[in-house]
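**Q** Sequence first, then the predicted structure, then my questions.
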Amino acid sequence: MRHATGLFRRGGSYYVRVILPPDHPLKARYRNGRYVVTLGQCSFPEANRRAALKRAELLYGFKPVAQATEPVRLRAVYERWCKAAVRSDDTAAAMARSLRLFETVLGDRDIQSITRQDGDTFRSWLTAQSTTTKTARDRLNWIKSLLKYASQDLELITKNPWTGLEIKTKTTLTRRPWDREHLTLLFSHEIWQKGAIPTVKFAGGICAYWIPLLALYTGARLSEICQLEVKNIQEIDGLAVIKITDTGEGQSVKSNAGHRIIPIHSKLIELGFMNYVQSQSGSLLWQDLPRRDGKAGGFFSRFFGDLRKRLAIPADIVFHSFRHTFRSTLAERGISELIIDQLLGHETSGSVGAKVYTHLSLAKLKEAVEAFDDPLRSTNLAIYRHKTLPARPKSS
């Protein structure tokens, strides 16, 4: 079969590239003279046929590309977008919110009638609202994604008219690591001093005690800790470890580097973490932790944020700051970036060889974890025994 001129594949989809003649009507839109359009995810023979037809349409008897017989509303495009791929509830909800705002400002519009001036109007309206610039940018980008889908996938319009429209964001708050003063303030709370487990549902019972401690001594993300199962806590080569993985139900990792093993700090073992793990009868490590839309961590984040505010901890010190603290402390102790990246689940920097062929032993990782200088060594924490957390007896 003859290969159509300009046909190429990118990822799982075929595209066709057509070099437009100097006097072609589309040259005003495509000033570089190249018209590129997706042919959809299909087999080579079908893509080859579509590419030939597209070239014939453009070069030998031009007519408006993909002219719709009847007006298609942006909301109809949204409904097709929802069905075109698996979308998370959060993703679909974010797109729906942005579409409702678009309709508030510009109405239920025919996709072919949406202009670049409309994009500027919507952008101006978003930036005038009492939201952060990041929120305004995200809402603009959701509508841009719909227009891109209408152009590239559905071919309802020849080009996304909002390409290049942006909202510059301003960093409203820079996170900083926990310092010893605010760590002491947090862990002086009765949760850790007396084993007073919060009764509010979002805290997840005894999770309120363990999850911040695990974040401090492992550098793991809140979502990674909250999704742990009992089987993720193991003993390998005589060392107690945490396995961060996405093999369990509802588990996920941010990237391939997120799959990792973190040796458990001796402070956590001293406080009775392994005893807690052994006391759990179900599959989940945190039996009482509620999930938000099937995801772990959302509700606990709300609880911790409320606790931090009640303790008057500065707004730039948040739960994710535990991760910054862990990394900063290890760097100060002279631990290599390669080891820190592996513990935190970051992509390894450097050469391909460093990424592919470097494998660190658990003993080396354990040594690095223990280099995390215990910031709570002078804080009298309660110790877990069985299913209670009696306060540690004060020395006489």
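**A** Now that the structure is in, tell me what you want to look at.
**Q** what does stretch 243-254 contact?
**A** 220-221, 223-224, 227, 229, 231-234, 258-262, 283, 291, 294-296, 345 (C-beta atoms under 8 Å, 6 or more residues apart in numbering). Just so you know, the C-beta spots here come from the backbone N, C-alpha and C atoms, and that holds for glycine as well.
**Q** End to end on stretch 199-212, go ahead and measure it.
**A** 17 Å (C-alpha to C-alpha, to the nearest Å).
**Q** Provide the backbone phi and psi angles at Asn380.
**A** phi -80, psi 90 (degrees, to the nearest 10).
**Q** Tell me which helix or strand Glu235 sits in.
**A** Using DSSP states H and E, Glu235 maps to strand 233-236.
**Q** Assess the claim that Ile191 and Ile197 are in contact.
**A** Yes - counting by C-beta atoms under 8 Å, Ile191 does reach Ile197; the two are 7.0 Å apart.
**Q** Please identify which of these two sits among more neighbours.
**A** Ile191 (21 against 17; other C-beta atoms under 10 Å).
**Q** Now do the contacts for the more buried one.
**A** Contacts of Ile191 (C-beta under 8 Å, 6+ apart): Ile197, Pro198, Ala208, Tyr209.
**Q** Show me what counts as buried in the helix or strand harbouring it.
**A** Here Ile191 is covered by helix 190-193, with elements defined by DSSP H and E. By neighbour count with 16 or more other C-beta atoms under 10 Å, helix 190-193 contains the buried residues Ile191, Trp192, Gln193.
**Q** now do stretch 19-35
**A** Under 16+ other C-beta under 10 Å, the buried positions of stretch 19-35 are Leu20, His24, Leu26, Tyr30, Tyr35.
**Q** The helix holding Ile191: what's the following helix or strand?
**A** Using DSSP H and E, the first helix or strand after helix 190-193 is helix 207-218.
**Q** what mean pLDDT does the helix holding Ile191 have?
**A** Here helix 190-193 scores 93 as its mean pLDDT.
**Q** Determine the residues that are contacts of both of Ile191 and Ile197.
**A** Ala208, Tyr209.
**Q** so how far is Leu365 from the closest residue to Arg292 other than its chain neighbours?
**A** Closest residue to Arg292 apart from its sequence neighbours, by C-beta to C-beta, 6 or more residues apart in numbering: Gly298 at 3.2 Å. For Gly298, the distance to Leu365 (C-beta to C-beta, to the nearest Å) stands at 30 Å.
**Q** ok, now Arg116?
**A** From Arg116 to Leu365 the distance is 53 Å (C-beta to C-beta).
**Q** Over to Pro177?
**A** 21 Å.
**Q** just Thr5 next, same as before
**A** 54 Å.
**Q** the more surrounded of those two?
**A** The neighbour comparison of Thr5 against Leu365 (other C-beta under 10 Å) goes to Leu365, with 19 against 12.
**Q** Hmm, that one is touching Pro263, no?
**A** Yes - assessed by C-beta under 8 Å, Leu365 is found in contact with Pro263 at 5.3 Å.
**Q** Can you give me the pLDDT of the nearest residue to Lys231 once chain neighbours are set aside?
**A** Of all residues beyond its chain neighbours, the one nearest Lys231 is Ser283 (7.2 Å), with distances taken as C-beta to C-beta, 6+ apart. Looking at Ser283, its pLDDT stands at 92.
**Q** Using just helix, strand and coil, how would you label Arg176?
**A** Under DSSP: H, G, I helix; E, B strand; the rest coil, Arg176 falls in the coil class.
**Q** Just confirm it contacts Asp316, I think it does.
**A** Yes - using C-beta under 8 Å, Arg176 is in contact with Asp316, at 5.2 Å.
**Q** So the two - more neighbours on which side?
**A** Higher neighbour count among Arg176 and Asp316: Arg176, with 15 against 11, using other C-beta under 10 Å.
**Q** Ramachandran coordinates for the more buried one?
**A** Dihedral angles for Arg176 - degrees, to the nearest 10 - are phi -130, psi 160.
**Q** hmm, back to that, so which bits of the strand holding Glu235 are buried?
**A** Using 16+ other C-beta under 10 Å as the test for burial, strand 233-236 gives Ile233.
**Q** repeat for stretch 142-149
**A** Trp142, Ile143, Lys144, Leu146, Leu147, Lys148, Tyr149.
**Q** What of stretch 233-247?
**A** Under 16+ other C-beta under 10 Å, the buried positions of stretch 233-247 are Ile233, Ala240, Val241, Ile242, Lys243, Ile244, Thr245.
**Q** what do you get for stretch 78-97?
**A** Quick answer for stretch 78-97 (16+ other C-beta under 10 Å): Tyr78, Trp81, Ala94, Met95.
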